[in-house]
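Q: Sequence first, predicted coordinates after that:
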Amino acid sequence: LSESFSKSKMFDHSTVSAEWFDRMCGMFSYYTRPLYIQFDASMRVSAIWGDPMYYGLGELRIGQAADENIEFLVGVQAGDELELPIMSTPSGKPASVYVQSTEDAVSVLMLDAESEHLRQQEIQQKSNEVQLLARRQQQLMGELKQTYHELELKRDEADRANIAQSEFMSSISHEFRTPLTSVLGYTEILEKSLQEEPAAVERLGAISRGARHLLSLIENLLDHGQLRQDEILLKSRTTALEPIIEDVDIIVRPLADQKNLKFAIEIDQPAFQPLFIDGLRYRQILINLLGNAVKFTNSGQIQLSISWSDDVLTTRVTDTGEGIPAENFKKIFGAFERVGDSTESGAGLGLSISARLAELMHGSLVLESSSPDTGSVFLLTINAPLSTEAAGSVVDISDSNVYSSRDDVNVTRPGRKLLLAEDDDDIAMLIVAVMEEQGYRVEHVVNGQQAVDRALSFKPDVLLLDMNMPVLDGMDAIKRLRDKGFTSPAIALSASASSSAQENAISAGCDDYLVKPIDVATLVQSVSRYAVGTDT
Amino acid sequence: MYHQSLPVKRETVSDLWQQVQDTDFESALCLDMQNLMHKLAGSSGMYGYAAIAEQAREIEQKLMNGIASTDDRETVGVQITDFIRTLDSNFADGPDRENR
């Protein structure tokens, strides 16, 4: 209506039919309360349609002067056109007002704008609400960001604390290891020199057992720290299972015998094929599982079952022990978690380490079942592809890092040839003395070049190679030797304990890596293992 | 044996450190000192001298990181003096005096 009116200059006001306009406005009168007032050139009312009282304009009469009641017309000039979407009228009602002024007349149309006013108020209100909500949202987002940031800081702090804890454990464990290896070494020497005095040997045996136990705890702490920092590298290679099982048998059977437990081993024939696995870590898991089984079983038997199929080595360790409550099935794999008889020794790291090692081997370690009636069954599965290497090249691996149960595996290899490349006379003298005592024929050279030259002619069963030597260092020496077809096992000796140094030595062609200061027992055991690996 | 060689090792360390100082920390001599500490750390640990091994390792690390500043040189000087003292006391008392 207003639009058509605003265009009304197109027609002559004098010709507007009152009936027509009345009819038009009537159509909207219910909602819009239209009021049309026309003034003549002298601004006196010349026509009215609608109810001026509604807008508080009084009882307008024909001929009445405009300025008496209608203030908004004051100052309107000919040719003016006004559009006031919402204005307050004298009655307080909001109205939309349209004014058109010509030379002859002024037309005013007023429409009730209450609903529009309410609508706009509502819009305004909603807009305010939206603004408030947006502000609140912004505030919440800010709070969320702040919280997130604080959480990140706390997480970083926790991470740093964890790393610091692991580093602390590693370093303190390392510090403990050196003097303990001395204790063990000297105890061993004393045991030999006091063979005629059984009481002394017995007491030394107690010292030795205590020291070994401490050492195994420390080794576990070191492993735990390294696993947490992803520093343990698997060294998968062609491995025969048989020597590993023999080792495990030698270690576990006496423990089982002590408790009058039966120890049974069942291995499916396919598992005896040469497998591409990290043998020493597999052995570590087996010893751990079987050690636990013995520890927590008071009568009955322990069983080790191994089978192989489709590149998966499946190992079950079954006992008839007290069992583990269902609610602790997962808990037992947590670090430092110990359930059941708290009087048993141990730091609660063995299963945690074993499970992590199983993961690294693309497998898993789970507690398959457990109950007080039937005991527990631990199931270990690891990825174990068949080795593509010829069976003759199978090398048995001993663990140079896992000391825990190695008392029974120092086997002398009389007549075996050992070449030692070491430029430090003190270290060389000790190694030569120790290894000769073990029955090895040892030759000593003082740099990498001599090692290369001598190894090719002397053809040692095992090469001990210091990494840091003059003329040609150990790394280059082993590379040259491997290039020239030297196939005997090589054990790197280095002061660097970093995993990258270890990895480099292994990838250059070394088979094992011992960190200085090297404890004598570890050295003897490692050399002995590699020497037996060359048996044909 | 190793124990008997400790006085000789002490003199070697002491003489080399004197040379390092006399030549205003000539880099070749610093490297010699670093290598000497590396060897001592490896060998003494094997013979059960944990304290010697640890101190030698620390000095080796310090030299490896460089001792360009006066502060660093003073620090390593103090470490070496301590180290010589440890060699003396280990010679007098035997290995792992602290651990007994």
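A: Perfect, I can see it now.

Q: is residue A:371 in a bridge, and if so with what?
A: residue A:375 (DSSP bridges).

Q: neighbours around it, how many?
A: When neighbours are counted by other C-beta atoms under 10 Å in any protein chain shown, residue A:371 registers 13. Placement of C-beta: from N, CA and C, glycine included.

Q: That one against residue A:325, yeah?
A: No: counting by C-beta atoms under 8 Å, residue A:371 sits too far from residue A:325 to count as a contact (9.1 Å).

Q: quick one: secondary structure of residue A:302?
A: Per DSSP: H, G, I helix; E, B strand; the rest coil, the secondary structure class of residue A:302 is strand.

Q: worst-scoring helix or strand of chain A, pLDDT-wise?
A: In chain A, the helix or strand scored least confidently by mean pLDDT, DSSP states H and E is helix A:2-6, which has a mean of 50.

Q: who touches the residue in the stretch 401-536 of chain A that chain B sits nearest to in this structure?
A: Closest approach between the stretch 401-536 of chain A and chain B, counting by C-beta to the nearest C-beta: residue A:517, at 2.3 Å. By C-beta atoms under 8 Å, 6 or more residues apart in numbering or on different chains, the contact set of residue A:517 is A:178, B:41, B:42, B:43, B:44, B:45, B:46, B:53.

Q: Do you have the helices of the stretch 301-450 of chain A handy? List them.
A: A:350-360, A:425-437, A:448-458 (DSSP state H, counting those that start in this stretch).

Q: Tell me which two of the contacts of residue A:517 sit farthest apart.
A: A:178 and B:43 (12.8 Å; C-beta to C-beta).

Q: The two: who's more crowded?
A: Neighbour count, other C-beta under 10 Å: between residue A:178 and residue B:43, residue B:43 has more, with 26 against 20.

Q: Which pLDDT value does the model give the closest residue to the more buried one other than its chain neighbours?
A: Nearest residue to residue B:43, sequence neighbours excluded (C-beta to C-beta, 6 or more residues apart in numbering or on different chains): residue A:426, at 3.8 Å. Note for residue A:426: predicted pLDDT of 80.

Q: since we're on residue A:426, how many residues are nearby?
A: 19.

Q: ditto for residue A:210
A: Neighbourhood size, residue A:210 [other C-beta under 10 Å]: 13.

Q: Tell me what angle the host helix or strand of it forms with helix A:350-360.
A: Using DSSP states H and E, residue A:210 sits within helix A:198-228. Here helix A:198-228 runs at an angle of 50 degrees relative to helix A:350-360 (axes from the mean of the first three to the mean of the last three C-alpha atoms, to 10 degrees).

Q: for the helix or strand just after helix A:198-228, packing partners?
A: Going down the chain from helix A:198-228, the next helix or strand is strand A:237-239, by DSSP H and E. Judged by 3 or more C-beta pairs under 8 Å, 6 or more residues apart in numbering or on different chains; DSSP states H and E, strand A:237-239 is in contact with strand A:275-277, helix A:279-295.

Q: Please give the element, helix or strand, for the nearest residue to the residue of the stretch 401-536 of chain A closest to chain B once chain neighbours are set aside.
A: Nearest non-adjacent residue to residue A:517, counting by C-beta to C-beta, 6+ apart: residue B:45, 2.3 Å away. Using DSSP H and E, the element containing residue B:45 is helix B:27-46.

Q: Could you pull up the mean pLDDT of that helix?
A: Helix B:27-46 comes out with an average pLDDT of 88.

Q: Poorly predicted segments of chain B, please.
A: Low-confidence segments of chain B, defined by pLDDT under 70: B:1, B:94-100.

Q: So in it, which helix runs the longest?
A: Criterion DSSP state H: the longest helix present in chain B is helix B:70-93.

Q: Next, the angle from it to helix B:27-46.
A: 40 degrees.

Q: Helix B:70-93 and chain A, any residue contact?
A: No: judged by C-beta under 8 Å from any C-beta of the partner chain, helix B:70-93 makes no contact with chain A; its nearest approach is 12.8 Å.

Q: Distance from that helix to the middle of the chain?
A: Relative to the centre of its chain, helix B:70-93 is centred 7 Å away, using C-alpha atoms, centre = their mean, to the nearest Å.

Q: okay, now the closest residue to residue A:349 other than its chain neighbours: neighbour count?
A: Computed as C-beta to C-beta, 6+ apart, the closest residue to residue A:349 that is not its neighbour in sequence is residue A:220, at 4.3 Å. A count of neighbours around residue A:220, defined by other C-beta under 10 Å, yields 23.

Q: picking that back up, then the residue of the stretch 401-536 of chain A closest to chain B would be within a helix, right?
A: No: counting by three-state DSSP, residue A:517 is not found in a helix; it is coil.

Q: Need phi/psi at it.
A: phi -70, psi 130 (degrees, to the nearest 10).

Q: The helix holding residue B:45 packs against which elements?
A: helix A:425-437, helix B:2-22, helix B:50-65.

Q: Name the residues of it that are buried.
A: Across helix B:27-46, burial judged by 16 or more other C-beta atoms under 10 Å in any protein chain shown covers B:29-30, B:33-34, B:36-46.

Q: Could you figure out how far that helix is turned away from helix B:50-65?
A: Inter-element angle recorded for helix B:27-46 and helix B:50-65: 150 degrees (by the same axes, to 10 degrees).

Q: can you give me the offset of helix B:27-46 from its chain's centre?
A: 7 Å.

Q: any idea which helix or strand carries residue A:460?
A: Short version, using DSSP H and E: residue A:460 is in no helix or strand.

Q: and the nearest residue to it once chain neighbours are set aside, what is it in contact with?
A: The spatial neighbour of residue A:460 that comes closest, neighbours along the chain excluded (C-beta to C-beta, 6+ apart), is residue A:419 at 3.8 Å. Residues near residue A:419 by C-beta under 8 Å, 6+ apart: A:442, A:443, A:444, A:445, A:451, A:454, A:455, A:458, A:460, A:462, A:463, A:464.

Q: Does the residue nearest to residue B:43 touch residue B:2 like I think?
A: Yes: with contact defined as C-beta under 8 Å, residue A:426 counts as touching residue B:2 (5.7 Å).

Q: what do the two both touch?
A: B:43, B:47.

Q: if we can go back for a sec, what pLDDT does the residue of the stretch 401-536 of chain A closest to chain B get?
A: 75.

Q: How about the one 3 residues further on?
A: The confidence metric pLDDT takes the value 77 at residue A:520.

Q: Look at it and say how many residues are nearby.
A: Using other C-beta under 10 Å, residue A:520 has 23 neighbouring residues.

Q: How about the contacts made by it?
A: Here residue A:520 is in contact with A:181, A:185, A:430, A:434, B:46 (C-beta under 8 Å, 6+ apart).

Q: show me what contacts the last one?
A: I take that to be residue B:46. With C-beta under 8 Å, 6+ apart, residue B:46 has these contacts: A:426, A:427, A:430, A:516, A:517, A:518, A:519, A:520.

Q: Among those residues, which one lies nearest to residue B:68?
A: For those, the closest approach to residue B:68 (C-beta to C-beta) belongs to residue A:516, at 28.2 Å.

Q: Was I right to think the closest one contacts residue A:492?
A: No: counting by C-beta under 8 Å, residue A:516 does not reach residue A:492; the two are 10.4 Å apart.

Q: what does chain A put close to chain B?
A: Residues of chain A lying near chain B (C-beta under 8 Å from any C-beta): A:175, A:178-179, A:182, A:185-186, A:423-424, A:426-427, A:430, A:468, A:495, A:516-520.

Q: Only whichever of those residues are buried, select them in PyMOL.
A: Per 16+ other C-beta under 10 Å, the buried members of the residues of chain A next to chain B correspond to this PyMOL selection:
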select buried, chain A and resi 178+179+182+185+186+423+424+426+427+430+468+495+516+517+518+519+520
